[in-house]
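Undergrad: sharing a sequence plus its predicted fold:
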Amino acid sequence: MGQMKTPGVYIVEKNAFPNSVVEVATAVPAFIGYTEKADNKSKPLTQKPFRITSMAEFENYYGGAPKAKFEIVKKSDLVPADPNAEVEFKDKDDTEYVLKPESGEFLLHRSMKLFFQNGGGPCYIISVGSYKDSIDSEVLRKAVGLLIKEQEPTMVVIPETVLLDDHTKSKSVQEAMILHCGDKMRSRVAILDIWGGDKEDRDNSCIQNFREDVGINNLDFATAYYPWVHTSIVQEPELSFDNISNLEDLKTMLEANVDNPESEKSKLLITAIQSIAGKVKAKKPAAKAAEGETDGSSPPAATPADAPVADPLAEKIQLGKSLTALSPLYVKIIAAMKARLNLMPPAAAMAGVYTMVDNSRGVWKAPANVSLNAVVSPAVSISHDEQQDLNVDLNGKSINAIRSFIGEGTLVWGARTLDGNSLDWRYISVRRTMIMLEESIRLASKAYVFEPNVANTWVTIKSMIRNFLTGIWKRGGLAGAVPDDAFSVHVGLGETMTSEDILEGILRVTVLVAVSRPAEFIEITFQQQMQKS
């Protein structure tokens, strides 16, 4: 209050309580990838971080799923020959076929579905291009830098790194993610997918390549999961012969697999097969006729007012249903395409798990021993012994396993960062808890910048931080029977600062916390004892 010069009564209000620390959000991932569009009411969203809260919002701003196209090829006709190519289906003569992807294998749309089905919530999206573009490691790498100005994200996920040509291109993107999280921001973690993690790692190549690619810097700000997972994101009604590029080969193959051509069922099937190419090439002729579209050579034909209007889409759907009902081979082809599209890297699902665990238990609960939704099984079955080399590595680069357990489903069975040899930062829950504590206290302490560097300010800051940490301790985030065992806050001249620090304008606060850690190994000892009665 200013100096009193006029006689009268003056009211003075004083704050009785210190500022409080507000806990920052802990589970706000940022996804980077390719989308059908990137538009917000005619405002382009390409190369711009944009916050959404649901799958409906994602599809509103970024469009739907890409239309996948596959070429059906006999394994024996592969060029170049690949004897190790995975056979995806066989015909009645046991001829082996594989599906060669031609377009539409972008992962972001399906990854967002997987994220939300596993408990995901608010997140940021950066669209780096459309489905007409090819996936470029340099474009993805540069997009990571766009997150520097965004304070809210706490995770970074780029599912399409696994679609790059080889692991060396994936390496450049993942290095940028780790550098961004651990060096530039230090307020978020990178959830990494393993290139080639859909295959069984018999010679340890994909795991070894990954461990060599990530280097040794800032590994406590990154975590990785293996293997990929078989999901239920894409359903059979979403697929048809329209997803096959070589339709003439499809027709020939289906015709060759017709049993007893003289039967009524087979005649219906042959009729359906002969209709395949025509239905795909249809371009809404009825609609064009209704609009009077012609090539100028003749007037449009008159159409009776009550004539039925052909709907090519409805006809294609009906044809697909007929082929499904009549052709076992067609069913196999659809199932093979479904299996291919549902094989996905797990990082997006894990981002959803992080969100779900944070909301239900707290960021200090390890995101492990949790089942994955919309996941049928891991792509590779990992045994107890096989996980040893993943979880404990000579160089500390721990890989978290996703395993299937009888009667329990598919569970996340690991909770380590890539810095597995560090007693400080071995567990992802510890790293994320510390990020939450640091960011929450940092933002609250900004209110005291330029305040007098005196005892009153020190006591206020100390009280503010202690109140916040007491609340975290009560919720189980800090370990200790009493608050003094769980944390301590130190500030003041002769304790954390020297006289020179005060002259330099520095106010130093030291916070010691005992973060709760997961019980990764439980040992139960049994021993026989003498009979007592």
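TA: Okay, I see it.
Undergrad: and the helices in the stretch 201-350 of the chain, which stretches?
TA: For the stretch 201-350 of the chain, helices defined by DSSP state H, counting those that start in this stretch occupy the ranges 205-213, 247-256, 264-274, 276-281, 285-290, 312-326, 328-342, 347-360.
Undergrad: distance of the residue nearest the centre of the chain from Ile441?
TA: Computing the C-alpha centroid of the chain and ranking residues by C-alpha atoms, centre = their mean puts Ala348 first, at 1.4 Å. The gap separating Ala348 from Ile441 is 30 Å, by C-beta to C-beta, to the nearest Å. Heads up, the C-betas are built off the backbone N, CA and C, glycines and all.
Undergrad: care to break the chain down by domain?
TA: 29-66+106-228+345-428, 449-513 (automatic domain parsing).
Undergrad: of those, which stretch is the most buried?
TA: domain 29-66+106-228+345-428 (a mean of 20; mean count of other C-beta atoms under 10 Å).
Undergrad: now do the end-to-end distance for it.
TA: 15 Å (C-alpha to C-alpha, to the nearest Å).
Undergrad: and if you look at stretch 399-409?
TA: Separation of the first and last residues of stretch 399-409 by C-alpha to C-alpha is 20 Å.
Undergrad: packing partners for the host helix or strand of Val430?
TA: In the assignment (DSSP states H and E), Val430 maps to helix 428-445. Judged by 3 or more C-beta pairs under 8 Å, 6 or more residues apart in numbering; DSSP states H and E, helix 428-445 is in contact with strand 189-193, helix 455-474, strand 509-513.
Undergrad: may I have the secondary structure class of Asp485?
TA: At Asp485 the chain is in helix, as set by DSSP: H, G, I helix; E, B strand; the rest coil.
Undergrad: so how far is Leu250 from the closest residue to it other than its chain neighbours?
TA: Leaving aside its sequence neighbours, Asp485 sits nearest to Ala514 (C-beta to C-beta, 6 or more residues apart in numbering; 7.0 Å). Applying C-beta to C-beta, the value for Ala514 to Leu250 is 64 Å.
Undergrad: please apply the same query to Ile402.
TA: Here Ile402 is placed at a distance of 35 Å from Leu250 (C-beta to C-beta).
Undergrad: one step back: so which of the helices of the stretch 201-350 of the chain is nearest Phe106?
TA: Closest to Phe106 of the helices of the stretch 201-350 of the chain is helix 328-342 (C-beta to C-beta; 10.8 Å).
Undergrad: measure how that closest one sits relative to helix 264-274, angle-wise.
TA: Here helix 328-342 runs at an angle of 50 degrees relative to helix 264-274 (axes from the mean of the first three to the mean of the last three C-alpha atoms, to 10 degrees).
Undergrad: what's the angle between helix 328-342 and helix 247-256?
TA: 140 degrees.
Undergrad: now helix 328-342: buried residues?
TA: In terms of neighbour count (16 or more other C-beta atoms under 10 Å), helix 328-342 has its buried residues at 329-330, 332-334, 336-338, 340-342.
Undergrad: now the helices for the stretch 1-150 of the chain?
TA: With DSSP H, counting those that start in this stretch as the criterion, the stretch 1-150 of the chain has helices spanning 55-62, 108-117, 137-144.
Undergrad: turn the ones you listed into JSON lines, including distance to Pro83.
TA: Listed next are the helices of the stretch 1-150 of the chain as JSON lines, based on distance: least, C-beta to C-beta, whole Å:
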{"stretch": "helix 55-62", "distance to Pro83": "40"}
{"stretch": "helix 108-117", "distance to Pro83": "30"}
{"stretch": "helix 137-144", "distance to Pro83": "29"}
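Undergrad: export those as TSV, with columns for mean pLDDT and distance to Met436.
TA: Shown next, in TSV, are those (pLDDT from 0 to 100; distance: least, C-beta to C-beta, whole Å):
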stretch	mean pLDDT	distance to Met436
helix 55-62	97	26
helix 108-117	98	20
helix 137-144	97	22
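Undergrad: out of the ones you listed, nearest to Ala314?
TA: helix 55-62 (22.8 Å).
Undergrad: select, out of the domains of the chain, the one closest to Lys532.
TA: Per C-beta to C-beta, nearest to Lys532 of the domains of the chain: domain 449-513, 33.4 Å.
Undergrad: pLDDT and distance to Trp228 for the buried residues of helix 328-342 - can I get that in TSV?
TA: Below are the buried residues of helix 328-342 laid out as TSV (pLDDT from 0 to 100; distance: C-beta to C-beta, whole Å):
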residue	pLDDT	distance to Trp228
Leu329	94	27
Tyr330	94	27
Lys332	95	22
Ile333	95	22
Ile334	95	21
Ala336	95	17
Met337	95	17
Lys338	96	15
Arg340	94	12
Leu341	95	12
Asn342	96	10
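Undergrad: about what we covered before: skipping adjacent residues, who's closest to the residue nearest to the centre of the chain in space?
TA: Closest residue to Ala348 in three dimensions, ignoring its sequence neighbours and counting by C-beta to C-beta, 6+ apart: Ser111, at 3.6 Å.
Undergrad: what do you get for Arg340?
TA: Here the residue nearest Arg340, using C-beta to C-beta, 6+ apart, is Leu99, at 5.8 Å.
Undergrad: might one say that that neighbour is in contact with Lys338?
TA: No: taking contacts as C-beta atoms under 8 Å, Leu99 lies outside contact range of Lys338: 10.8 Å.
Undergrad: can you pull the residues that touch both of the two?
TA: Shared contacts of Leu99 and Lys338 (C-beta atoms under 8 Å, 6 or more residues apart in numbering): none.
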